[in-house]
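Novice: Predicted model, plus sequence, below.
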Amino acid sequence: MITNFFIPELNNHDVQELWFQQDGATCHTVRVTIDLLKDTFGDRLISRFGPGNWPPRSCDLTPLDYFLWGYVKSLVYADKPQTLDHLEDNIRRVIADIWPQMLEKVIENWTSRLDYSRGSHMPEIIFKM
């Protein structure tokens, strides 16, 4: 996917200043993938084993992780799609229905998390029972 879709798509845009942030999942950080991303992004790669190290357990700092993927997944699978076409239709519909105002609120929340955490864990949130 990176080689056949992502990088060719990047070549269609001016991305000289673009940073790539990747989650720390082991399957995403194998040497061949990291080497490919380093070749593409240089010092603008944030990932485990990359030049910009990924903060450990940082889902509390990443809007896609702490909100968007869970939100999208809950709606995509709400009607239990049984075919690939149905799944793809649901994904397209759910993504298209996300309002800019919702994303603005997510970014506001993320900004407040950054201000609050100052780059460290937030024990009141992570360890709250």
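Specialist: Arrived safely, thanks for sending. Residues are numbered from 1 along each chain as shown.

Novice: can we go C-alpha only for contacts and neighbour counts from here?
Specialist: Will do.

Novice: Pull the number of nearby residues for residue 90.
Specialist: Counted by other Cα atoms under 10 Å, the residues lying close to residue 90 total 21.

Novice: Following the chain past the helix or strand hosting it, name the next helix or strand.
Specialist: Assigned by DSSP states H and E, residue 90 belongs to helix 84-96. Remark: after helix 84-96, the chain's next helix or strand is helix 100-117, criterion DSSP H and E.

Novice: just for the chain, where's the confidence low?
Specialist: Along the chain, the parts satisfying pLDDT under 70 run over 23-24, 53-66, 113-129.

Novice: any chance you could map the helices in it?
Specialist: Secondary structure of the chain (DSSP state H): helices located at 7-10, 31-41, 63, 69-76, 84-96, 100-117, 123-126.

Novice: export those helices to CSV and tack on distance to residue 1?
Specialist: CSV is the format used below for these (distance: least, Cα to Cα, whole Å):
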stretch, distance to residue 1
helix 7-10, 9
helix 31-41, 11
helix 63, 23
helix 69-76, 19
helix 84-96, 17
helix 100-117, 26
helix 123-126, 33
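
Novice: Please work out which of the ones you listed is packed deepest.
Specialist: helix 63 (a mean of 17; mean count of other Cα atoms under 10 Å).
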